[in-house]
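Asks: got a sequence here, can you model it:
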Amino acid sequence: AGLNCKDKRILIGTSNYCTIMSNDQEPETKAETMRAVQGKDYGDIDEMLSVQDDVRVPYLADLPPKKRNNFLKIRTLAVSLAPGDCRVLSGKTRELQGPPSMPYVPCGDCCGIVVELPPENPKKKLPFKVGDRVAARFLEGPRDALGEYALVHQAVCDVVPEEISSDEAAALAGASPAVALADRIKAGERVLILGASGGVGSHVCQLIRKERGA
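Replies: Numbering: from 1, shown residues only. Model (predicted):
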């Protein structure tokens, strides 16, 4: 089911990964609030999700000092809605994936422009700079991405090549575990993939057939 929404900047497709594009080509601002999708409770997507204009903008300063150094702040260009996000909204995985409280901003796989870096650390050179277009997947839980700004962890983030669009990058970010799984497969092996119709599973199928000949 799609999200009933009058905001023309949010588009929803129909595939394993529904790409929700927003905030394209908008300048960086210092506003304290942003537009974001919020889930008010567990239940039907069309009833529980709504677009709000007064959600607080996240900042790196909101994080504990030790944690802050591992994150980037991005201006979101595209966010992908995966099957796991629907499970979280249903409440079936609340003990494993949260969210910690309601309301919350759903989805965790995204693409955006870096607008804030952590404080400089002479012992650690960042592989990112302000202005980079990056893709990232969630680390602590599939949430906090479906807004105009988001904080993403550097460990699951990378610069997007020019030939890859922002919506493609957001969709591929969540399937990155497929690469690690495919690397374990040797040519000619027979493989059983459980959940092959999901985001990660469908990518694993393609990778091992094309790259491994499994």
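
Asks: tell me the contacts of Val160?
Replies: Taking CB atoms under 8 Å, 6 or more residues apart in numbering, we find Val160 in contact with 111, 133-135, 166, 169. From N, CA and C alone the C-beta is placed, and that goes for glycine too.

Asks: ok, Val156 next?
Replies: 136-139, 173, 176.

Asks: just give the nearest non-adjacent residue to it, would you?
Replies: With sequence-adjacent residues excluded and distances taken as CB to CB, 6 or more residues apart in numbering, Val156 is closest to Arg137, at 4.8 Å.

Asks: how close does that neighbour get to Leu172?
Replies: Noted for Arg137: a distance of 9 Å to Leu172, by CB to CB, to the nearest Å.

Asks: can you check Asn69 too?
Replies: Counting by CB to CB - Asn69 and Leu172 are separated by 26 Å.

Asks: thinking again about what came up before, neighbour count winner among Arg137 and Leu172?
Replies: A direct count of neighbours by other CB atoms under 10 Å for Arg137 and Leu172 places Arg137 higher, at 24 against 21.

Asks: backbone dihedrals for the more buried one, please?
Replies: Here is the backbone geometry of Arg137 (degrees, to the nearest 10): phi -110, psi 170.

Asks: for it, report the pLDDT, please.
Replies: Turning to Arg137, the model gives it a pLDDT of 91.

Asks: does it touch Gly174 like I think?
Replies: Yes - using CB atoms under 8 Å, Arg137 is in contact with Gly174, at 5.1 Å.

Asks: which residues are in contact with both of those two?
Replies: 108-109.
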